[in-house]
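Asker: Structure, please.
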Amino acid sequence: MDLQTKVMAAVAEIAEQYCDPDTQGRPWAVSWSGGKDSTTVLALVCRALQMLPSSKRTREVIVIMSDTKIENPILEDYMRRQVRAVNRWARQNAMPLTAEIVSRPIKRSVWVGWLGWGWTLPTNGDDRYCTHALKIEPQNQRLTDVNPCLQLIGSRTEESTRRAATIETYREERGSRFTVSPYSDGRRIYMPIVEWTTDEVWQVLLNALPWGSSDEIRKLYKDATGECALINPGGSVKATQACGARFGCWVCPPITKDRSTENMSAKYEWMKPLTEWRQLLKDAHNPKKHPDWRSGYRRNRTPLGPGKGCLAIHARKYLLTELLQAQQEVNTLRAYDENPLHRVPIELISAEEIELIRAAWEEDAVKRPWLIDDREMEPGDWDRAVTRLAEKEVVRKQKRAEKKQKLADKAYPAVTI
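Answerer: From the prediction side, this is the model:
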């Protein structure tokens, strides 16, 4: 199937689902990150609405974007301008569509957690809590309020082996574009481009979006990867390789090397303090580099041993001081950027968050003295820590084995063609 036919089929299917009489009166929700895949899905939804007569546009479509508050600054600015553009297009064309941004409450932000309470950093494994806490949780809260009959997302099997495995686990049947949300009871998820390739996504984004030009999103990926074959069609690099970078938080701890931010910092000098502070944060949790910066305990006084546990209070104070210094350096350099949009000062951390962080230090100093510094552990604490960690590892291996077995045992019903 050629791409034009595939796009037309996707738009027609979306329109058919939109007009489903069995779910009339209930809204749709579109999860939109501002990245290439979710933008393509939103564009297809808008095209489907355009092809329907106004008498059939009776279903509300809520477009939900999660702001982690630590997004790549260029991406965050782009996201907010895109939300305004989509809402302006919807108003001007009388479309029943609204885009909005949701985020985690300030008192539960990562800055308050990392610099205030000394949380350990998420890793690229079972304890990567940040994605759920910053993106999925705020979105799910809004989805609970909206109660959509269908949630549209931009997931694709080609994104990664891990993503493909997750899709297969929750698919309604093999090859289906519908799944059931793992975070709610029965909410259906629709993946219009689940089998599309990265090249096909970028070919679609060579065209204008319903609400405006697609030039900026292509430029964002070009700046993040260093090159983009679709902006330079004569190049020898496939779009899958050149434009497949993932955007995310500028301070992302789980990844070893943040290619997108580092590539952008080569072009935008004001982003260099961000990459330097990110490395400082990772080093602060590395016992080989700063053995005295970890308290050795959890917040509930569970002993973990030297070089482990929550950050000691003095380390948190140092990190906040350096973050505020990085913010000042970023804005000083931004003032000289050739792009007028980049000359506007940005706020890496809010005044409210700083106030909450300092309150957390004061509370820990009074109520949890074991977090003040890397003092020696009390007699017997080390042995208890070793035992507890061993027990935790056994449980973790069991969960992984159960998850693997569940996937292997999944029975797929026959598909009727």
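Asker: C-alpha only now, for contacts and for neighbours.
Answerer: Noted.
Asker: How much space separates the residue lying closest to Val194 once chain neighbours are set aside from Thr197?
Answerer: If the residues on either side of it in the chain are set aside, Val194 comes closest to Arg156, at 4.0 Å by C-alpha to C-alpha, 6 or more residues apart in numbering. Remark: distance between Arg156 and Thr197 (C-alpha to C-alpha, to the nearest Å) = 8 Å.
Asker: what comes into contact with the helix or strand hosting Ile189?
Answerer: Per DSSP states H and E: Ile189 is located in strand 188-190. Contacting residues not belonging to strand 188-190 are listed as 149-153, 177-181 [C-alpha atoms under 8 Å, 6 or more residues apart in numbering].
Asker: Report the separation between Leu348 and Ser213.
Answerer: Taking C-alpha to C-alpha as the measure, Leu348 falls 28 Å from Ser213.
Asker: so what pLDDT did Asn207 get?
Answerer: If you check Asn207, the pLDDT there is 94.
Asker: neighbours around it, how many?
Answerer: Asn207 has 12 neighbouring residues, counting by other C-alpha atoms under 10 Å.
Asker: Just give the nearest non-adjacent residue to it, would you?
Answerer: According to C-alpha to C-alpha, 6+ apart, the nearest residue to Asn207 is Ser214 (6.7 Å).
Asker: mind listing the strands for the stretch 51-200 of the chain?
Answerer: Taking DSSP state E, counting those that start in this stretch as the criterion, the stretch 51-200 of the chain contains strands spanning 61-66, 97-102, 150-152, 178-180, 188-190.
Asker: Contacts for the second one, please.
Answerer: Spelled out, it's strand 97-102. Contacts made with strand 97-102 from outside it, assessed by C-alpha under 8 Å, 6+ apart, are listed as 60-67, 83-84, 86-87, 90, 138-139, 142.
Asker: What angle do strand 61-66 and that strand make with each other?
Answerer: Direction vectors for strand 97-102 and strand 61-66, defined by axes from the mean of the first three to the mean of the last three C-alpha atoms, to 10 degrees, enclose an angle of 20 degrees.
Asker: Could I get the average pLDDT for strand 97-102?
Answerer: Across strand 97-102, pLDDT averages out at 97.
Asker: now that strand, how far from the centre of its chain.
Answerer: Strand 97-102 has its C-alpha centroid displaced from the chain centroid by 16 Å (C-alpha atoms, centre = their mean, to the nearest Å).
Asker: So which bits of it are buried?
Answerer: Judged by neighbour count (16 or more other C-alpha atoms under 10 Å), strand 97-102 contains these buried residues: 97-99, 101-102.
Asker: pull the CA atoms of that strand into CSV?
Answerer: What follows is the C-alpha trace of strand 97-102 in CSV, where atoms were taken according to Å, rounded to 0.1, in the frame of the first residue of the first chain:
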residue,chain,number,x,y,z
LEU,A,97,-11.5,20.2,19.5
THR,A,98,-9.6,21.7,22.4
ALA,A,99,-5.9,21.4,23.3
GLU,A,100,-4.7,21.8,26.8
ILE,A,101,-1.6,21.3,28.9
VAL,A,102,-1.6,19.4,32.2
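Asker: in this protein, which helix or strand is least confident?
Answerer: Each helix and strand of the chain was given a mean pLDDT (mean pLDDT, DSSP states H and E); the minimum falls on helix 239-242 at a mean of 44.
Asker: Can you list the helices and strands that the helix or strand that that helix is followed by packs against?
Answerer: Beyond helix 239-242 in the direction of the C-terminus, DSSP H and E gives the next helix or strand as helix 259-267. Here helix 259-267 is seen to pack against helix 215-225, helix 272-284 when contacts are counted using 3 or more C-alpha pairs under 8 Å, 6 or more residues apart in numbering; DSSP states H and E.
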